[in-house]
Structure formats: C-alpha cells, structure tokens
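**Q** need a structure here:
(6 chains)
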6 protein chains.
Amino acid sequence: MGYRPADAMAFPRFEGISTFMRLPYVQDLQGVDAAIVGIPFDTGATYRAGARFGPQAVRNGSRLLRPYNPGLKVEIFEHLSVIDYGDLPVVPGFIQESYDKIVEGLEPVHRAGVVPIGVGGDHSIVLAELRAAAAVHGPLGLAHFDSHSDTWDAYWGQRYTHGTPFLRAIEEGLLDPARSIQVGMRGSLYDAGDLQEADRLGLEMIATDELFDLGMDATAERVRRRTGDGPTFVSFDIDFVDPSFAPGTGTPEIAGPSTREVIRLLRGLRGVNAVALDVVEVLPAYDVAEITAMTAANVIFEFLSLLALRRAG
Amino acid sequence: MGYRPADAMAFPRFEGISTFMRLPYVQDLQGVDAAIVGIPFDTGATYRAGARFGPQAVRNGSRLLRPYNPGLKVEIFEHLSVIDYGDLPVVPGFIQESYDKIVEGLEPVHRAGVVPIGVGGDHSIVLAELRAAAAVHGPLGLAHFDSHSDTWDAYWGQRYTHGTPFLRAIEEGLLDPARSIQVGMRGSLYDAGDLQEADRLGLEMIATDELFDLGMDATAERVRRRTGDGPTFVSFDIDFVDPSFAPGTGTPEIAGPSTREVIRLLRGLRGVNAVALDVVEVLPAYDVAEITAMTAANVIFEFLSLLALRRAG
Amino acid sequence: MGYRPADAMAFPRFEGISTFMRLPYVQDLQGVDAAIVGIPFDTGATYRAGARFGPQAVRNGSRLLRPYNPGLKVEIFEHLSVIDYGDLPVVPGFIQESYDKIVEGLEPVHRAGVVPIGVGGDHSIVLAELRAAAAVHGPLGLAHFDSHSDTWDAYWGQRYTHGTPFLRAIEEGLLDPARSIQVGMRGSLYDAGDLQEADRLGLEMIATDELFDLGMDATAERVRRRTGDGPTFVSFDIDFVDPSFAPGTGTPEIAGPSTREVIRLLRGLRGVNAVALDVVEVLPAYDVAEITAMTAANVIFEFLSLLALRRAG
Amino acid sequence: MGYRPADAMAFPRFEGISTFMRLPYVQDLQGVDAAIVGIPFDTGATYRAGARFGPQAVRNGSRLLRPYNPGLKVEIFEHLSVIDYGDLPVVPGFIQESYDKIVEGLEPVHRAGVVPIGVGGDHSIVLAELRAAAAVHGPLGLAHFDSHSDTWDAYWGQRYTHGTPFLRAIEEGLLDPARSIQVGMRGSLYDAGDLQEADRLGLEMIATDELFDLGMDATAERVRRRTGDGPTFVSFDIDFVDPSFAPGTGTPEIAGPSTREVIRLLRGLRGVNAVALDVVEVLPAYDVAEITAMTAANVIFEFLSLLALRRAG
Amino acid sequence: MGYRPADAMAFPRFEGISTFMRLPYVQDLQGVDAAIVGIPFDTGATYRAGARFGPQAVRNGSRLLRPYNPGLKVEIFEHLSVIDYGDLPVVPGFIQESYDKIVEGLEPVHRAGVVPIGVGGDHSIVLAELRAAAAVHGPLGLAHFDSHSDTWDAYWGQRYTHGTPFLRAIEEGLLDPARSIQVGMRGSLYDAGDLQEADRLGLEMIATDELFDLGMDATAERVRRRTGDGPTFVSFDIDFVDPSFAPGTGTPEIAGPSTREVIRLLRGLRGVNAVALDVVEVLPAYDVAEITAMTAANVIFEFLSLLALRRAG
Amino acid sequence: MGYRPADAMAFPRFEGISTFMRLPYVQDLQGVDAAIVGIPFDTGATYRAGARFGPQAVRNGSRLLRPYNPGLKVEIFEHLSVIDYGDLPVVPGFIQESYDKIVEGLEPVHRAGVVPIGVGGDHSIVLAELRAAAAVHGPLGLAHFDSHSDTWDAYWGQRYTHGTPFLRAIEEGLLDPARSIQVGMRGSLYDAGDLQEADRLGLEMIATDELFDLGMDATAERVRRRTGDGPTFVSFDIDFVDPSFAPGTGTPEIAGPSTREVIRLLRGLRGVNAVALDVVEVLPAYDVAEITAMTAANVIFEFLSLLALRRAG
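**A** Numbers count the residues shown, from 1 in each chain, chains lettered A, B, ... in the order given. Predicted coordinates for the structure are as follows:
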C-alpha cells in the first residue's frame, strides 16, 4: 500500500508536524504517484510580496481534509500513493538562480513518474515548472485558471516576473498553444490589446464574463476538449477565486467566482491528463482565519481526486 | 405587553450592556415566550476551540438588529415576549458535568412554556439541549443545518464530542428519525460510508450539492414536510454558511451557501413547530469585523420571526 | 491631453504618493473632466465611526487599477481628464460647519464643469454634496445604491445624521423624486412603515429581494429609465455590497449582492447623465486585506468608465 | 452585604452577560459605594474615532479580574459595594446635547453618595463629568494622567473637542488649579507655548521626561500632595500608557510608561480623596488580543482598590 | 555528529517543513540529547482555549533562530544532538485519557536519557510531564515561571485543570517542595489566602514585585540555589512575560517582565540540572505578527543553550 | 520661508493626501534642506518580504506629528525647509537595476545640498544610498542602529541582500570604518565568528547587552565621538526596536530597546554631521494599529529635529 495521511481518529487533526494533509514527509520517490512540492519563491511579484510563506500556510490549512471526496466519489488514497516532498530550495531575490534550482528539483520527480503538485510562491515559478515538465514530457497542454493572463512581455523592462511566464513558456516551446486554454481573466487592463494577446499566441481564453455565461460545466468541457489526451499542466492562481473567498493573495481582482463555482469547475476536469499541477499566489500575511489557505488546500484535494480517478481508470 | 428591545431612537445601538438585541436580561420566565440562552461550552471541539466566547460575540453582533422583519413581514415583539436569559453554567473541560448542568438549566425553561434559543458553544451541547427538550416534549423532529452530519460514533474512542451528538440523541430516543432531516453536508469525508449513515439511521439528508440543485424554497418545503406538525428542534451550525460569510468557526468547509441563500431557506421554514432552536460554533477569535457574529445574530432574528409568525397564527 | 495615472510599466504600482489610481494631485480645475474629492467626515455615523479614514483607504486600494475597462470596452483616459483633488476640509464633530465647508468646496468644482466623485466619509455628507450640485444644476435625479434608505426623519431627536440625508434633500428641494430611485434596501427595520416611506416621498425603491428577482440588467434599466436624461446624482453606499465582500463599513447588513452582481449593475448605468457621484461608508479599521477599499476603488473605476463612455458619445 | 462580582469558582469567567468584573447590572443606587458608568461618546475625537465601543470592550476585558489586590493588600468587596450602572445615553454627533445628558445622568449618582467611575468614550466627556461632580462637590482637585494636556483652546475654531476639556473646566470654575496636576505629557507639540499652558493656568505638570526622572513613587507623592484632602477627580486617558501596551487608542504617542510603571504609580495614590474617576479613549477597533481593554480594566481595578482602602480607613 | 538544524545559508529560513529550528523530525531516540515534544492539549484551560495550536505556532516562530547564542557564548549543536520528536497524541476534551497518553509518550524519552522540552498546550499538561519525569528520576525540583501559581485546589469542583497541576503534583509526591520555586506571580487574586499557599506547600515563591526588587540576576541565583544539583523540572508559562510582548496567551496578566528581563533571567539558570522543561500556554489565535511564538521559541533556545553548556561541562 | 506641514488647526490631521507629516509633495529641490525619499524596494529580504509598502505606511503613520519637539526644544520648520520628494522608482525583483535607479535618484539630491531621509524598503537599499552619498561627500562615517550587523558576506551564494550591504560598502570604499559604529546587535548568530566581524572590518560595535550596560546617553556619546565632524550616514533599521514596539518588520529579534530608550538615544546624537539618513524594514502587513509605522515616523521626526538644531547652530 502507498503513502497516506495520518489517521484522524487516532491522532487529532490539529496534531503533528504540518505536512500537506498530514501525509508522510518523504524524499524517496519510490512507490509514489504524486508529490506535494513547496516552491516558496516570490521575487517575481509585482505588487504584494509574501507568497514565500504560501507552502507553510497551505500545509497548515490542509489539516481538516479527509480522504474521501464525495463530489467525485473517490477515496484518494485507495488509488494514489502521495507524499509531501518538502520545499525546493530557491534563492530569494534571484530569479534565474531560482529557476535553475526549481528545474533541477522537479526533473527527477517527473523522471520517476511522479506527478508534482507545486505550491507557490508567486506565479513566476510556473516557467521553471514548465521547463522541468517539458524536458520529460515534451510540449504541454495548459489549463490555466487565473484572473490575469500572465502573458505580458515585460514589466519595467524585465522579462521574468509573475506577469510574464506563459509568454516566455510559449517562446521557449514548452507549451503547445493549440492544447492550451486560459480561464478567468477579469479586472482592469493596461489597454484593449491585452485582450487580443491570447489570440495572437494561439491560446484559447475564457474570460470571467464568458465563464459565467457558459457556466462551470460547459467551461470544464471546453478545457477538457482543448487539452485533449496529451500531457497537460494545470496551473491555478488563487486569485482566480473571488477575494472574498481568498483575500490572502498578491494582486486580487474583485468580482470573481465563488469557491462553490471553482470546485464545480475543477470537478469537471475529470479525465484531463495532468502531468503536473500547481497552486500559486497564496499570501498568508493577508489571509483571514486561514480561508485562503483552506481554499488552496481544497483545490489540491480536487487535483488529487482527479489524479486518483484517472489512476482508477 | 411583553419584553422587547431597548429603543434605538432613544438609546443609540452601540450603547448599553450587551444582551441579545438589547433585550432585557431577565431570569424570571413569567410572561416570556422565547429566551436567548447562552451555552458557552466548547470542550467537545475536535479542531479549533474557542466557541465558549460565542454567546458574548453573538450578543455584541446583534446590536444592529431592528424589530421588524421585512422579508417575513412581521414585527417580532408585537407577538412575542423575548428575554435574554443569560448563560447556563457549564464546566469547561468536563462534558458529562456540563451536560447535566445544561439539562438542569433548560428543563425549567421548557416547562415554563418558553422556547429556548441556545447560543453555543460547540455542537456537542445539542445533546443536552435535546435531552431537556425531549424530557418535556417527548421525541423530537429535527431540522439540522450544518456542513457536517455530526453522527459519527466516536473520535479517538470518545463517544461525546461535537462530531457525535445526533447519533447519541437517536440512541437515547430523543429524536424521531422519521421527522428528522439534515441539510447542507459537504466537504471531504472519512470514507464513502459516511454518506450512508443518515440512511442507516432513518434520517433524511440533503447534502449541499442537492441543496443547490433543489434550491432554497424546495429544500425548505422538504424540511417542513419532514418535520410535520410535531415538536421540532432546529439546530443551526454556523459552518453551514460558507466561510467567506462566516469565517469565525471551528471546522469550516468551503463552497457552502451564501447568507442570502441561508436567509431565504430559513424564511421558508414558516410553520415549523419549533420548541427549541440553537445556533452553534461561532468562534470570535477567528471572526472578521464581526461578520460571523452578525450572521449568527441574523439567524436568530429569523428564528424569532418564525416564532412570532406562528404565535400570530 | 488630459491628466492620467502614472505609468505602471515605468513605476511599479506600489510606488508613489497615494492618490486615486496614482492620478496627479492637482487643485487647478482647468482642463479637468472629473475629480476625485475626499470628504473624510464621519460625525453623522449612528453605529461604527471611522469613515474619516475612508478616502485614504480607497486611494491605497486603487493602486492596482489599470486604465482599460474590458467590460465596458473603454480606455478611460482617452476620453477623460481626471485628477485627485485631495480632501475637502471638514470639522470633525460639527455637522453644520462641515456641510458649509463641503458645499463651499464643491460648488466651484461644479461651476468649472467638472464632475466630482466624492469619497466619504459617512453618508451624511451627501446632503452637502447635493446642495452643491443642485446649486449649479438645479434639482437632481438620484440613483441611490444602499442597504438602507437613509430617509428617516431623525435619530435621538437629531435631524442631521447619516440616516436622514435624503429626506432632508427632498425637503430642501434638491432632488426631483420623480427622477429618483433607491436600490438595495434590506435587513431588519424599525417598523413596517419604513417600507412605505419611499412611496410617500415619491421615490421609486427596489429593495434587495426585488433586485434579485429582477436581476441586475433589468434593475439597471429601471434606474436608467427613472433618472432619464436630466442631471443625476449617483450615490453608492459600500454597505450596498454584501459584508463578505465589503466588511469594512459601519452598519453592515448581511445577505446582499456580490461584487460580481454590483459591477454588472453599475455597467448597466451606461448613459445616465451623472453630474456628481460618490462612494461612502468605507471604514478601514474593520477592513480585511483591503478588500473593501478595493471594492470601493472598483466602483469608482466603473463610474469613471461610464463618464468616459458618455464623453466619448 | 454589598454588591460583588459573580463567583468564578461557580461560574467560569468567560460566562455571563458582560458587565464590569461581572458585577450586578443595577440601576438602583441604594447601598452602593461605587458605580461603573459607561459613557460611549466619541464625537470629540480629533483623529481616530471609535471610543464609543470602549465601555463594551472594557467590560469584556475585565472578566479575568479577581477580587483581591495583592499589591494593595485589599479585598475590594469587603469594603465596597460596587455595581455596573450601564451606559449613560448620549447623542452621537452632538456634543452639547450629550453633555447635558451626561450631567443629567451623573448628578444623581453624586447626590446618592456614590463614586462614579466613568468609562469613555473620548476625553471630551470629562467636561460633563466635571460639571456633574462640581455641582455636588464644588470645585475639584484634578489628577490627570495623559500623554496630552487637553488644554488647547480650540480645534478648527471649535471649543468643545477631546483636546480642550480641561481649559473649559477651568474657565467654568469646575477645577481648583491649585489642587490640580497633569502627569505624562509627551510627544510632539504644536509649538513651544504648549508647554507653558499649564503654568499659565496654574496647574502643576509632570511631563513624561520628568515622570521618569522622578520615578513612580515620587510622582505619586507629588500627586497626593497637590490634590490634598479635598474632593478630587482622577482622569486617566489610556494613551498615558505606551502604545505597545495599549495600542487601541485614538491619538497614541510612543515612548510612554509601561503597564508596570502605571500600576505602581496608581498604587501610590492611596489616600487621594477621589469623588469621581474615569478611564477614557479605549478604541477596540485598534486593539490587539484585548490588551488595551485589559489594561483599562486593571486601571479601574486599582481605582476600586484605592476606594476600598479609603473606605476601610 | 548529532542532529542539527538545516543550514540557513543553503536553504532560506522560510523554507521547509516546520519543525523546531528546522531540526530533523525524528522518532528514534538513539544518539539524541534533547527532543522538542509538542503536547497540543488545551482542555484544561479556564478562560481562552486554543493552545492546542501552540506547538505548530512555536515551530513556525522558531525559523529565524540561528545556532549560536552570543549571550551564553555557546554554539548549541556542537554539544547537543537535538531533534523535533513531533507531537504526542492527546484526546481533546478528556484530561485523564490525555494524561495517560502523555505519560506513555514521555517515559521512553526519559528512559532513553533524552531531555524532553515540552511545548504546550495549556499548563494542565505539566502534571503528566511531571509523572513521566518522576517515574524515571524520582521527585523533582521545580523552577516554575508563571504569572499564576497554578496551585489552586479545584475549579468548579474539578481537580484537574490548568490552575491546579502543581498542587496535584505535590500531592502525588512528584515534586520535592524543598527544591521547588515559583517566580513571577502577579495580578488580582481570589483572596489573600492565595498568597500563603506556596508557604503552606513548602514552596519558595518570588512574586513579580519581589522579582523586580531583586532583579533578574539575584532571582536566578535564588532559583539555582533552591533547585540545587538534583533533577529539576523547568516549567515556563508564556504568560510570565508581559502581554505586550506575548499577547497570544489564555489568561494574560498585565505589568509583567519584558522579554529582555526574561532572557536575562533564563541565562542566569546556568548549571541547573534540568531533566525536563516546557513552554506552555501559547495561543496563536490571539498572537500578533508571531511575537508570542517567537518569544516562546527564544525561551526554548535559551533552554537548549543551558543544556548545551551543561553538557559542555 | 521654507516648506512646512499643513496646519492641523485648519485641516484635521486625518485629512489630505498622505505625505510625510503632510509636507508638500514637491520634486523641485530649490530652497529645500531635507527631503523624505521613499525607496520601496524589498527584494533583498531574506525572511519576510513586504517592506515595499513601508513608505506608504510611514507616511500614513506620520499624520499625528506636530512641528515642535519638546525633548530637543526645537520647532523643526523654523530652521528647516522640508519636502516629501515621493518615491524613487525601483525594479522589484532586480537588485542591480534598482541600485542604479536609487543612485541616479539620490545623487541630484545630494548635489543640491539637500539631506535625503530614505524610507525603505529593506536594508539592502543602504548600499545604493551610500554610493550616492559617497559620490558627493566622499567616504562616510556610519551610525548604524540595528539588531543585525548586516555585514555577512553572502546568503546562498549571493552577495547583494539585506544581510550584506555594509560589508559591500566597506569593500567599495564608501565608508570610513574608523568613523563608523554599529549599535544594537542581538539575537542568535550563525557562529561565534559573527561577533568578530566588526573588529575585523575596523568598525566599532555596541551590541545590545553593552548598550543596556552603558545606557542611552553614554552610547550616544560614543556614537558622536566615533563619527566625529565628518559627513555621516545614519541608518536605522526598525528591528533595532523591540518587536513589542515595532512588530511590523521582517526579521524581528526579541529583547531589544523600548521606544523610550530609542528616542533618548537618538536625541543624544545632537551634533552629528548627518548628510543622509534612513529608516528601513517597516513591513505594514505585520503591523498592529500602526504602532510600527508611528515609531518609524517618530524616528524621522527626531532626525529632522537634529538637522534643525544643527542648522540652527
């Protein structure tokens, strides 16, 4: 049998070292299907900094999770052996050095056949995550949930920030735009051209207005169709969720989906061939009663459920 | 004329000793229809503790309430004489001793023909509340709003916690399962069997997914039909509400109903023969700008309105 | 070219003196179309005080706003020259003296043909804002978004508070009731008569229950129809929004609209002939992660977008 | 026997309606020696508002107090019958009307031979408190602990604010300057003349620098000597305490005394003939873990101890 | 070489699973000198609950600690092999069952010759800690730092709470009163007799007033002299520290020592033969910017330094 | 006459655009003696990030300051013309680019004969500040107040962080070690060698223990003697202050000086020839009731007073 969480009936849920869902903290990838991997890098942030404390917060916020997902009708750990792999070393203040370390840390995970679930950190980390995944799996499809497209070319003349990773990833050939889709963009923009960027890059985009018009199920269907059967990266920026449900983030945009809508959307992703996933931009210094951390933990819980279902066949 | 709140036009609402809605603090049950009864016991909590400060918080959070309910078109105090009865003495750390004191405190209230509205405290108190109510009214119907079913058998080998009271109540014959219904269960579970527990016990359950499918009005209709005309206990765990609207609670589950939905649901309970009600699991140490306390206070306000309407005939 | 915000690509958004959207702080009205005007007066508050820090909070919370509104498809500053005019001097503790100063401060703005966007402060300031506007434009239509009608006659014998300004304004002939509408009233009331007050005054009222029944688009249409082509004052109390999305306010009422609904409603106001607007009742001491301030800033952003569209023709 | 607090061994301290020290809430002055009187008026505040919630906060923060003072070696309630008298009605936003109500509320207390302990509210209330006390006792000595002298003539042309009450009191003949002393002034000033104001008015002043040079015992001795045997008003602004120990206040000044120093100073006042006392400027919206409220509650506890000792002879 | 913390120069201090000082999380006692042991039990609390989250908070708050103590001139891990042993299982709500589990968990630690450093939890746990220690080492000396003596006989008729453990320990023969001392008692008391309790029990007590009169060095000398060479338990209730420095606790008492004084006092304990130590009553729900957690972590850091010095000889 | 703050008697202190002390926001250096310069760069932080919001927080926290310093007996603006110069543009995430921009921004200030008072930002900015100052004034004396020496060689192989600037500055010849002194170092260290670093570099160091032994006046005298008459940079890390008084910072160390001690120490610097000063490491996301921001604002107030006195001769 694989790795599974501590038993809440023997060991109360507030007890024990904080790992994700109180899973074993293990660095041996043998016999592992999925690994929670903290990536506490936030130098790419353009507004509020502090996502470096995101992994710690999400671990603390995951303690209430139980193993069975009634929405997807799956007991995760019957099908999946999951560990908390700890954090990758990064170099705060230095994005290139950190990218190198993240790639170096994640490639062996992919090569071991383990699905990494990254916990940010700001969204700049996704470029390194994509480099590691693409090195093993080739160009990836993308299912990207976010209130921002993160495809700007540069901020203040700098090409590597949390506002630019997906453009860089396309330039580097890490993504297959034809299998990539962005969901949830909203809020004010720099200019009208921002909206055409997805088109220009060959990405599909479902902005928030369209998301609500379509509804969660139809949107999920669009994501499944777009990403197809190929290896796919699922990237979830917590600011996709409305800030009332997830205040602890760096560049919040009001008027987004509720957690209920978000969970429904994620459950619709059943069947997506996710080879890597992440949740980014959790800033505990701005959180309230851990609701952002708990939301992020629940997103990962849905990720694990989807992986378990896929594994279950 | 009965007891009613202080006049906000004479005495600003931030003024005066904190009683619920600034009702008179009275311990004589003569001429009283309903009584707010604090039960600040939280030893039954399995995760965050601190609901012992719930009654104080709900009282503070009730100051803005005015006497007329426009949704139900009723001026509560034209029909109902209501007091703040203060808190029942409990023994923190000792659940059996506390149960005894709660029963001892509530039985005279029931015998005086007064409807107690308990303010928790964690949900373990409901077992004692049910014992007191059933001692006077016989086995009760139950309308239970909560994100958890609270029908587990034991935690860490212990049979009396806030996760077990309704199973105990059924075992003790305090509830009539055929007139009992649970609404709002959601979030991860220990295993698939948790879902069959309601069935096994003869309870009706409307989990959150079904709640949203049915809508609030149809769900209320189901509750009314189930509980029928017999004496009924209405128990409202504040974690029934989404944590964005009620962060100050002990075991929050994301993706729940909004306050708007909750109020609509409660207004649909018109006609239920409530002989006792409660609101539990308010933890002010995790609250924000009193929004949880105000939500709890508004739930009680709807309770009082329903009682007033029933009294008005 | 007119006044516009600092360039976020040259100057990161957390930088610089806090003006609204980092617009120039200017007190010369030449060449200006709209002006943000802080009115930090909160002596009219009947419950929580502290809205005097509202303008400062809304300015801080506006830093993330970019110039293009994708919902209304307009780059505000292509059509509109906007400044931050600073705060009007008020006399804390003294409402009549403050009213005089506010009127004195706003009349020149109106005479210069500039649309003032007031940032409160509690809602008592609207009486002075209306006096200044009506002095230049004559009796005004009103689009009033709020969870309270603010048409009570007096509190504790006092006729000038944040609960009475619209009744005073009608008495003073500043408003044309036939072109005035109130949207969003909810929560408990003092008595059933409160509901008839709008009728008695000749105002249209869409309380929250009706608002949800109608939907945002139809409500917006009702507001547009009611206010017609004449000069109109748009007054937005942040407590119109549900407290989960805007906890930092003085007299919150649960069960209100979400920010998504609010933004949709505001976008439907396209075409209204707004000669003055305001956002009031932001209390940062009760805010969380700036979500209330950001919501208020976004409301103003929609206001500016509407003005820009009207200017664009 | 007199009125005394609830028994903590029978009724846990977090339980029960929040009165000061859980004393009986009584409005009959018969058999009473001292009365806690809330005066939740904050319209006089020149910076942060919100002290209207001070009485509620201080009551909540007083729950941990036990009846015996080991520093002064006195069991308060063996010598003193004490009640919580509730709050006096005030008119928020209207200082003259509020002054009248406060005077009207306090005069009967004095006439009944009861020592009122006012809980503010901002410091403007002290003028009304002094009017009531002087009406019964004649001109009073003053022991005033504060980081500000509150003897400015006017703010923005207004003569009644929380910065002016002691000048007004002297002008009105309520104080005997020869028996009055101010302790603790610190922080930046408007100009050098502010320092000479006490001299000009005939008051003794011990600013913070001198306070530390003298030490607490010698300062207490100076206060005792100055106030003599005549009837004295003791007024304690919580901002006398360093903001690290009392952050929840309206106009904090850093670099003040610690609570340890404050308690020692207060204990040195043994023998002062206090006919009225107050604690003002507690703003719970800025407090942390109730430390300001608890500090205020302890100040009142020392007041009660001094009264008990004097009564004990 | 022994166990030591992660290298901050390789792995930034905000990184990695939260163990104390980022020490290895190990459950094998071989080659270990001291072990951090979380004991997250808070059912014994008489006022605020929530210390069950203390161990998690103290671990998070220990991340900034570096290995060298300049005050004591010792690099801890040159002399001491230290692990984080995780948390002992407890049974929330059930004190006897929890005591059994704590004893069962700690006895093997003592038998292995490892010094356990308990992290509470409320102070009731110390009875179980003492049982385990005395089972191996015989009756212990006690150095007890606290604002309360915790030698009451019972609360509400219950003999096992966080206010009674030291009386129980003496009754059970776990302590040698002649080698026991209590330091720091302050705040209001139930009655004058509370002060004689230490005398009656044969304990030495240095209450806060005497502590400040003596100074930290002389007090430390008194503690060293009293505890002598025999095996000693050092128990540190975080409420010994003034609440300004440690607001996150359950029953704060104002006017206590600063952290500077506390650290000086602890450094004076050099030479005490500590066979077990603990830090209790950290309640993160009431903490601010982690200052309480960091204070607790620093207390443990001083403990480790003292152990290292003793080991170094 | 020079630039001075808005008049608090005409314009309440909570009013107006947030500049430091409500000084004019001016970018013309003509007729200016000293300029507040925000430098919101925090990429150099090794633990908590977020000091980029420091300047905004310090401006907000400075509103209560009045122009006269009674401790130093000086009305600042009688002698000094002071402006708020706004923020220098930085490039978040990129330290070299930011250094260039900071130097470019500050050199003209120095060349205009204006004393810049930098408001950080993390302490890494001081290297750029020193480069600008030394370019104009030659090698500088240093008066450095901090709980850390910030003379480490590198973190994670990186030579430019907030832990290394003073070593870099010495290497670059910007400082004259013979005229440089560091005050306040405390807390745990990486190893014993950290203590010898100052010696090795030729700096004088007064660690916290010695600071308390000497007292504030003697320490100030040592600083004055060491820095002599030459041009001196005064750098104040807010973590020099105990975290109880300044919790909002990135790498707090407990057991430091109180604000009272800090202000006394600063007042002792009268006569130091400061050509540039700064206050760094204010992190508002961890602040409480603005006490950290107010402390920082008061430090700058003392700086301005010292400059005024020197100017006054």
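**Q** when you work out contacts or count neighbours from here on, use the C-alpha atoms and nothing else.
**A** OK.
**Q** for the stretch 1-150 of chain A, which residues are neighbours of chain C?
**A** A:46-48 (CA under 8 Å from any CA of the partner chain).
**Q** can you check the stretch 201-313 of chain A too?
**A** A:243-244, A:247-248, A:251, A:254-256, A:286-288.
**Q** pick out the residue nearest the middle of chain A.
**A** Nearest residue to the geometric centre of chain A (CA atoms, centre = their mean): A:Asp278, 2.2 Å.
**Q** residue boundaries of the helices in chain A?
**A** Assigned by DSSP state H, the helices in chain A fall at A:54-61, A:76-79, A:95-111, A:125-137, A:165-171, A:193-201, A:208-214, A:216-227, A:259-267, A:291-312.
**Q** is the shortest one in proximity to chain B?
**A** No - applying CA under 8 Å from any CA, one finds helix A:76-79 out of contact with chain B, separated by at least 9.9 Å.
**Q** centre of the chain to that helix, how far?
**A** Centroid displacement of helix A:76-79 relative to its chain, using CA atoms, centre = their mean, to the nearest Å, is 21 Å.
**Q** please apply the same query to the last one.
**A** Centroid displacement of helix A:291-312 relative to its chain, using CA atoms, centre = their mean, is 10 Å.
**Q** what's the angle between that helix and helix A:259-267?
**A** 20 degrees (axes from the mean of the first three to the mean of the last three CA atoms, to 10 degrees).
**Q** is helix A:291-312 in proximity to chain E?
**A** No - if you take CA under 8 Å from any CA as the test, helix A:291-312 misses chain E, and the best it gets is 14.1 Å.
**Q** interface residues of the stretch 1-150 of chain A facing chain F?
**A** Residues of the stretch 1-150 of chain A lying near chain F by CA under 8 Å from any CA: A:43-46, A:48-50, A:91-95.
**Q** out of those residues, what pair is the most spread apart?
**A** Greatest spatial distance among these (CA to CA): A:Arg48 and A:Val91, at 18.4 Å.
**Q** what about those two, which has more around it?
**A** A:Val91 (26 against 23; other CA atoms under 10 Å in any protein chain shown).
**Q** from chain D, how far off is that one?
**A** Plainly put, A:Val91 is 35 Å away from chain D if you go by CA to the nearest CA, to the nearest Å.
**Q** where are the low-confidence patches of chain A?
**A** Scanning chain A with the threshold set as pLDDT under 70 gives A:1.
**Q** residue of it closest to chain C, please.
**A** A:Ala255 (4.0 Å; CA to the nearest CA).
**Q** so which of the residues of the stretch 1-150 of chain A next to chain F wins on neighbours?
**A** A:Thr43 (32 neighbours).
**Q** now do the same contact list for that residue.
**A** Applying CA atoms under 8 Å, 6 or more residues apart in numbering or on different chains, we find A:Thr43 in contact with A:49, A:92-95, A:122, A:161, F:43, F:92-93.
**Q** and for A:Ser149?
**A** A:163, A:166, A:182, A:185.
**Q** 7 Å instead?
**A** Contacts for A:Ser149 (CA atoms under 7 Å, 6 or more residues apart in numbering or on different chains) come out as A:182, A:185.
**Q** for A:Phe166, which non-adjacent residue is closest in space?
**A** Nearest residue to A:Phe166 in three dimensions, chain neighbours excluded: A:Thr151, at 5.3 Å (CA to CA, 6 or more residues apart in numbering or on different chains).
**Q** ok, the one you found to A:Gly202 distance?
**A** According to CA to CA, to the nearest Å, A:Thr151 stands 12 Å off from A:Gly202.
**Q** count the residues that sit near the residue in the stretch 201-313 of chain A that chain B sits nearest to.
**A** Residue nearest to chain B within the stretch 201-313 of chain A (CA to the nearest CA): A:Arg260, separated by 4.0 Å. Residues lying near A:Arg260 (other CA under 10 Å) number 17.
**Q** how much space between the residue lying closest to it once chain neighbours are set aside and chain F?
**A** Leaving aside its chain neighbours, A:Arg260 sits nearest to B:Ala255 (4.0 Å; criterion: CA to CA, 6+ apart). For B:Ala255, the distance to chain F equals 27 Å [CA to the nearest CA].
**Q** do A:Asn60 as well
**A** 18 Å.
**Q** for A:Asp229, same thing?
**A** Between A:Asp229 and chain F the computed distance is 37 Å (CA to the nearest CA).
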